[in-house]
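**Student:** Got a predicted model here, sequence first, then my questions.
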Amino acid sequence: MLKRSLLIGLMSLLLVTPGFAAGLSVAEGVITTQVVDHAPIDELESYPAQLGKLFCFTRIIGAEGETTVTHVWFYQDQEMARIDLPVRSPSWRTYSSKNILPQWAGDWKVQVLDDAGLEIGVIPFKLL
């Protein structure tokens, strides 16, 4: 009985804690060359490495209060950048950017993490 009461209490605490990210998900996630008016202008799966700069656009849904997500940029499984981004409503658009050097051709991905560090999405792409 005590275990059940503790479990119910813990679940209640988690459900009312502002910013708790259990329900966060990536409704839209794209790599793009530019973000205009809070929207990506294109969607890339592969692109020339000489481009210079790319953006990772995500639309995050499910936030109950303010929280954060993190975009972690990986080049061939090596972390290249980690950017924390605020999420301030149940449907929130946000983006990060990464300057790309021409010698970084190959497989890339952006891993999207919730505020607890759990993966809620992955966006793979390739630079040629």
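**Tutor:** Done, it's in.
**Student:** Please count neighbours and contacts with C-alpha atoms only from this point.
**Tutor:** Will do.
**Student:** A63: neighbouring residues, count only.
**Tutor:** Neighbourhood size, A63 [other CA atoms under 10 Å]: 22.
**Student:** Oops, could you answer that again for L24 instead?
**Tutor:** There are 25 residues near L24, going by other CA under 10 Å.
**Student:** from the middle of its chain, how far away would the helix or strand hosting V112 be?
**Tutor:** Secondary structure from DSSP states H and E places V112 in strand 106-113. From the chain centre to the centre of strand 106-113 is a distance of 10 Å (CA atoms, centre = their mean, to the nearest Å).
**Student:** Below-threshold pLDDT in the protein: ranges please.
**Tutor:** 1-22 (pLDDT under 70).
**Student:** That one: helices as residue ranges?
**Tutor:** Taking DSSP state H, the helices of the chain run over residues 2-16.
**Student:** Next one: the residue nearest the centre of it from Q103, what distance?
**Tutor:** Centroid check for the chain by CA atoms, centre = their mean gives V112 as the closest residue, at 3.0 Å. With distances taken as CA to CA, to the nearest Å, V112 is found 25 Å from Q103.
**Student:** What of A81?
**Tutor:** In terms of CA to CA, A81 sits 17 Å off from Q103.
**Student:** In terms of neighbours, single out the busier of the two.
**Tutor:** A81 (15 against 10).
**Student:** hang on, the residue nearest to the centre of the chain packs against Y95?
**Tutor:** No: judged on CA atoms under 8 Å, V112 makes no contact with Y95 at a distance of 10.8 Å.
**Student:** quick one, what contacts F57?
**Tutor:** Contacts for F57 were tallied using CA atoms under 8 Å, 6 or more residues apart in numbering; they are 28-32, 35, 39-40, 93-96.
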